[in-house]
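> Give the three-dimensional model of this entry:
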Amino acid sequence: MSVHEIRAFNRFYTNVIGALDYGKHLYTPYTLTESRVLYELAHSPRTDAADLRAQLSLDAGYLSRLLGKFERDELVERAPSEVDPRRQRITLTTRGREAAALLDERSRRAVGALLDGVPEPERERLAEAMRTVREVLAEARPDSDREPVLREPGPGDLGWIVQRHGALYAAEYGWNTEFEGLVARIVADFAQDHDPSRERVWIAELDGRPVGSVMCVRDDAPATARLRLLLVEPEARGHGLGDRLVRTAVDFARQAGYRDMVLWTNDVLDSARRIYERTGFTLVAEKPHRSYGAQLVGQDWRLPLHSPPLQEGPTP
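Next up is the predicted model:
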């Protein structure tokens with residue numbers, strides 16, 4: 001394949017999706033970059049400016065000017081990070097969330113209109129070709145350039161959470177299908193009935209594939225949130241993704257008005273327990289039990305949400 005062919009494809013595709021005149025294409029006052037920043041902020045309750053800059057490969061000065069514009073338009077609020085005061089935490093306002101939702105809806109309509117012109121038998125061929133392009137180019141990039149994106153679950157993602165928990169815990173700890181059944185019940189309860197303003201699931205996506213998950217749901221105790229179903233695929237470990245997932249759920253719980261957050265885990269899950277400790281959770285109770293075909297020690301952990309997390313760092 002020649003450089004000329006790739007450049008020709010780029011020109012064709014940017015014209016098809018209206019990238020050169022994105023605001024006019026979607027009837028919005030935002031450029032493609034501005035829209036992408038709003039998208040990233042909308043899919044994470046709070047984001048540090050440094051993380052945002054790394055995710056989108058943006059110049060620090062350009063991002064600062066863009067966020068300044070958003071702040072003047074009352075789309076975002078900026079404040080020192082609760083983890084590191086030297087970092088700047090960016091949060092969408094109500095007006096910002098509305099703008100991001102409008103952009104998302106118009107983008108979906110634009111893609112739908114584009115697909116309307118593609119015959120049904122050709123759509124799978126198109127999707128497969130796009131997956132191939134993404135995967136081939138992703139494999140050619142250095143690992144340091146790959147950055148997971150946290151997003152809401154799409155069709156099939158909840159089933160993926162159940163399947164991967166069952167497969168990974170069987171492979172790594174020898175747990176039987178009793179554990180997969182527990183995860184299935186948790187996911188089913190969420191899918192059947194949850195309050196989006198106080199309960200959420202996040203999927204970590206890397207190169208177009210899900211590689212992690214976490215859930216924040218209401219606990220039985222009043223004003224208490226429960227952290228559940230933290231998972232990071234082996235290929236995505238060692239880069240702080242587990243910390244990022246947990247911090248995202250904790251930040252959401254704070255914004256939702258919960259007073260504290262709790263979780264239940266087992267003593268053999270060393271990496272997860274270190275993440276909880278770094279985030280500020282405290283071990284409050286332990287109890288031996290036999291479950292999932294193994295002898296375990298269950299642990300209850302708690303985090304007061306009026307206190308900031310203790311520290312930030314990568315997952316070992």
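> After the helix or strand bottoming out on mean pLDDT in the chain, heading C-terminal, what element do we hit next?
Ranking every helix and strand in the chain by mean pLDDT, DSSP states H and E puts helix 22-26 at the bottom, with a mean of 63. Sequence-wise, the next helix or strand downstream of helix 22-26 (DSSP states H and E) is helix 32-42.
> Check which helices and strands that next one sits against.
helix 22-26, helix 49-56, helix 60-72, strand 88-92, helix 94-116 (3 or more C-beta pairs under 8 Å, 6 or more residues apart in numbering; DSSP states H and E). No exception for glycine: its C-beta is placed from N, CA and C like everyone else's.
> Format the CA atom coordinates belonging to it as CSV.
Backbone C-alpha positions of helix 32-42 (Å, rounded to 0.1, in the frame of the first residue of the first chain) are rendered in CSV as follows:
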residue,chain,number,x,y,z
LEU,A,32,-14.6,18.7,15.5
THR,A,33,-12.0,19.1,18.2
GLU,A,34,-14.3,21.0,20.5
SER,A,35,-17.0,18.3,20.0
ARG,A,36,-14.5,15.6,20.8
VAL,A,37,-13.5,17.3,24.1
LEU,A,38,-17.2,17.6,25.1
TYR,A,39,-17.6,13.9,24.3
GLU,A,40,-14.7,12.9,26.5
LEU,A,41,-15.9,15.1,29.4
ALA,A,42,-19.5,13.7,29.0
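> in it, what's buried?
Buried positions in helix 32-42, judged by neighbour count with 16 or more other C-beta atoms under 10 Å: 32, 34-42.
> List the contacts of it.
Residues from elsewhere that reach helix 32-42 (C-beta atoms under 8 Å, 6 or more residues apart in numbering): 19, 22, 26, 28, 30, 47, 52, 55-56, 58, 63, 66-67, 69-70, 75-76, 90-92, 96-97, 99-101, 103-104, 107, 149.
> Make a ChimeraX selection of the buried ones in the residues you listed.
Selection of buried members from the contacts of helix 32-42 for ChimeraX, criterion 16+ other C-beta under 10 Å:
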select :22,26,28,30,47,52,55,58,63,66,67,70,75,76,90,91,92,96,99,100,103,107
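> For residue 257, grab phi and psi.
Main-chain torsions, residue 257, degrees, to the nearest 10: phi 100, psi 10.
> where do the strands sit along the stretch 201-316 of the chain?
209-218, 224-232, 260-266, 282-291, 294-304 (DSSP state E, counting those that start in this stretch).
> could I get the ones you listed as JSON lines with mean neighbour count, mean pLDDT and distance to residue 176?
Listed next are the strands of the stretch 201-316 of the chain as JSON lines, based on neighbours: other C-beta atoms under 10 Å; pLDDT from 0 to 100; distance: least, C-beta to C-beta, whole Å:
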{"stretch": "strand 209-218", "mean neighbour count": "22", "mean pLDDT": "94", "distance to residue 176": "21"}
{"stretch": "strand 224-232", "mean neighbour count": "22", "mean pLDDT": "96", "distance to residue 176": "18"}
{"stretch": "strand 260-266", "mean neighbour count": "19", "mean pLDDT": "96", "distance to residue 176": "14"}
{"stretch": "strand 282-291", "mean neighbour count": "11", "mean pLDDT": "96", "distance to residue 176": "9"}
{"stretch": "strand 294-304", "mean neighbour count": "16", "mean pLDDT": "95", "distance to residue 176": "8"}
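> With distance to residue 198 added, can I get those in a markdown table?
As requested, those are arranged in a markdown table below (distance: least, C-beta to C-beta, whole Å):
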| stretch | distance to residue 198 |
| --- | --- |
| strand 209-218 | 6 |
| strand 224-232 | 8 |
| strand 260-266 | 12 |
| strand 282-291 | 23 |
| strand 294-304 | 17 |
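> give me the low-pLDDT residue ranges for the chain?
Under the criterion pLDDT under 70, the flagged ranges of the chain are 1, 19-27, 44-46, 82-84, 138-146, 307-316.
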